[in-house]
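S.K.: structure, please.
(one chain, ligands or ions: 1)
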Amino acid sequence: MTSSEIVLSVAGLTKSFGGLHAVRGVDFHVNKGAIVGLIGPNGAGKTTTFNMIAGELPPTAGKITLLGEDITGQRTDVLYHKGLMRTFQLSHEYARMTALENLAVAAPSQTGESIWSSWFAGKSVQKREAAVIELARDTLEFLGLTHVGDELAGNLSGGQKKLLEIGRTMMNDSKVVLLDEPGAGVNPTLMRKVAEMIEQLNAERGYTFCIIEHDMDMIARLCGKVVVLAEGQVLMEGTMDQVRSDERVIDAYFGGEVA
Ligand SMILES: Nc1ncnc2c1ncn2[C@@H]1O[C@H](COP(=O)(O)OP(=O)(O)OP(=O)(O)O)[C@@H](O)[C@H]1O
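M.R.: Just a heads-up that it's a prediction; the model follows:
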């Protein structure tokens, strides 16, 4: 494998909160076009790892590399423009904007500001505004949400909010998308839809994903490689079949000592 195939890597990633070592020397990488699962029991350090990669928490130690560039400690908005996006366990929609508006405001403007700030800036941006709205409509269609485009986002179901959150990543030229529990709080039908969207974005648009998810069926369906965290460390990585039959993983999930 050449290093150019790696889009995202973390090395020695560490986060301490006072005396609590939430993440301790984590190493893993994500290849271009892959869907990698990040799993582990509650409190294993998965979300803290995402928060560091996405620029929301400064690491205590370690290095994060995106497309060969050291991005350790860079801000979320800077990373956004480099094509690194994340979604949240609890959806982050603007409840009092429509679904369409939620997508439109996720589009970056040419100046690097949110499109919202240039919304009233005059004719020079009107063409771009129209292009953003068109992209937002196309995105709604892709997600199967056209019928709720004018609905306030706060009124959407949990699953629809998850789809909208994924849709926000489509308003940017995303290279790597970090999905934090895309299946949480979603009914089984919409869960399949969310999984289909992820597969489609991966196959048709070349998105690379790293996914935190407690639903093992979803992980098994989507992920070629799975990284297992326990007590802030990488316990193992491998295919879902390898992970399922590994005694250390079973122990970590069901209460045994972590090796
Ligand atoms: N801001 C914080 N301050 C103090 N401790 C924190 C903070 N954020 C996380 N922790 C602790 O760090 C550890 C790892 O938490 P984290 O949320 O990363 O785990 P997780 O694997 O994502 O868990 P879950 O599956 O329950 O979401 C936990 O012990 C948690 O209580």
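
S.K.: CA atoms for contacts and neighbours, from now on please.
M.R.: Fine.

S.K.: helix/strand/coil for the residue nearest the centre of the chain?
M.R.: With the centre of the chain defined as its mean C-alpha position, the nearest residue by CA atoms, centre = their mean is residue 178, 1.9 Å away. Secondary structure of residue 178, reduced to three states by DSSP: H, G, I helix; E, B strand; the rest coil: strand.

S.K.: do residue 210 as well
M.R.: strand.

S.K.: for it, list each beta-bridge partner.
M.R.: With DSSP bridges applied, residue 210 shows beta-bridge pairing to residue 36, residue 178.

S.K.: give me the neighbour count for it.
M.R.: With neighbours defined by other CA atoms under 10 Å, the count for residue 210 comes to 25.

S.K.: which SSE is the nearest residue to residue 76 once chain neighbours are set aside in?
M.R.: For residue 76, the nearest residue in space outside its immediate sequence neighbours is residue 55; the separation is 4.7 Å by CA to CA, 6 or more residues apart in numbering. Secondary-structure assignment from DSSP states H and E places residue 55 in no helical or strand segment.

S.K.: got the contact list for stretch 88-102?
M.R.: 133, 136-137, 140, 148-155, 161-162, 164-165, 168, 179-182, 184 (CA atoms under 8 Å, 6 or more residues apart in numbering).

S.K.: run the last query once more with 6 Å
M.R.: Identification of contacts with stretch 88-102 by CA atoms under 6 Å, 6 or more residues apart in numbering yields 149-154, 180-181.

S.K.: and stretch 236-247, how far from the chain's centre?
M.R.: Stretch 236-247 sits 22 Å away from the centroid of its parent chain (CA atoms, centre = their mean, to the nearest Å).

S.K.: cool, and stretch 21-40?
M.R.: What separates the centre of stretch 21-40 from the centre of its chain is 12 Å, taken as CA atoms, centre = their mean.

S.K.: now do stretch 60-73
M.R.: The offset between the C-alpha centroid of stretch 60-73 and the centroid of the whole chain comes to 17 Å, using CA atoms, centre = their mean.

S.K.: can you give me the buried ones in that stretch?
M.R.: When neighbours are counted by 16 or more other CA atoms under 10 Å, the buried residues of stretch 60-73 are found to be 60-67, 71-73.

S.K.: equivalent analysis for stretch 23-38, please.
M.R.: For stretch 23-38, the neighbour count (16+ other CA under 10 Å) marks 23-27, 29-38 as buried.

S.K.: which of those sit farthest apart?
M.R.: Using CA to CA, the two most remote members of these are 24 and 33, lying 27.0 Å apart.

S.K.: low-scoring pLDDT stretches of this protein, where are they?
M.R.: Within the chain, the stretches falling below the threshold (pLDDT under 70) are 1-4, 89-91, 109-126, 255-259.

S.K.: ranges for the helices of it?
M.R.: Listed in chain order, the helices of the chain (DSSP state H) span residues 46-53, 76-81, 99-104, 123-143, 158-169, 188-205, 216-222, 240-244, 247-254.

S.K.: so the residue nearest to residue 33 when sequence neighbours are not counted versus residue 175, what's the distance?
M.R.: Nearest non-adjacent residue to residue 33, counting by CA to CA, 6+ apart: residue 208, 4.6 Å away. Counting by CA to CA, to the nearest Å, the gap from residue 208 to residue 175 is 6 Å.

S.K.: list residues touching both of those two?
M.R.: Between them, residue 208 and residue 175 share no neighbouring residue, with contact defined by CA under 6 Å, 6+ apart.
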